[in-house]
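Asker: how does the following fold in three dimensions:
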Amino acid sequence: MELDYKLGAAGYNTLGEQSPTLFYNLKWLTTKEAAVYLRRSVNAVYVLVHRGILRPRKFSRRLYFKKTELDYALETSKLREVFYGD
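Answerer: Numbers count the residues shown, from 1 in each chain. As a prediction, this is how the structure comes out:
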């Protein structure tokens, strides 16, 4: 028996499980999606924006982040320096 899954707005399939391919096809992430991707709170993402670590773009009164820039911030340990002082 093969089931056809459809993702909802939050990236969950019809059975309530989170899809492993949630972020693979996205180039732009909303603030909430960026927080989930970085494993931080939404407020922590705003702090990173305020400190100049992340660069958001504004479309239709919403902030969007490039996934490649989030990956770069993770790889260069910029997030760790901000939150843990390493």
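Asker: show me where this structure has helices.
Answerer: Listed in chain order, the helices of the chain (DSSP state H) span 31-38, 42-50, 67-75, 78-84.
Asker: can you tell me which of the ones you listed is most buried?
Answerer: Among those, helix 31-38 has the highest mean neighbour count (mean count of other Cβ atoms under 10 Å), at a mean of 19. In short, each C-beta sits where N, CA and C put it, glycine included.
Asker: mind checking the pLDDT average for the longest strand along the chain?
Answerer: Longest strand in the chain, counting residues (DSSP state E): strand 62-66. Averaging pLDDT along strand 62-66 yields 94.
Asker: and Arg57, which of the helices of the chain is closest to it?
Answerer: Ranking those by proximity to Arg57 (Cβ to Cβ) places helix 67-75 first, at 9.9 Å.
Asker: return the list of helices and strands in contact with that closest one.
Answerer: strand 28-30, helix 31-38 (3 or more Cβ pairs under 8 Å, 6 or more residues apart in numbering; DSSP states H and E).
Asker: which residues are contacting that helix?
Answerer: Helix 67-75 has contacts (Cβ atoms under 8 Å, 6 or more residues apart in numbering) with 23, 26-29, 34, 37-38, 48, 53-55, 79.
Asker: what pLDDT does Leu7 get?
Answerer: 45.
Asker: kindly apply the preceding question to Thr31 instead.
Answerer: Looking at Thr31, its pLDDT reads 95.
Asker: tell me the contacts of it?
Answerer: Contact analysis of Thr31 by Cβ under 8 Å, 6+ apart lists 42, 45-46, 56, 62-63, 65.
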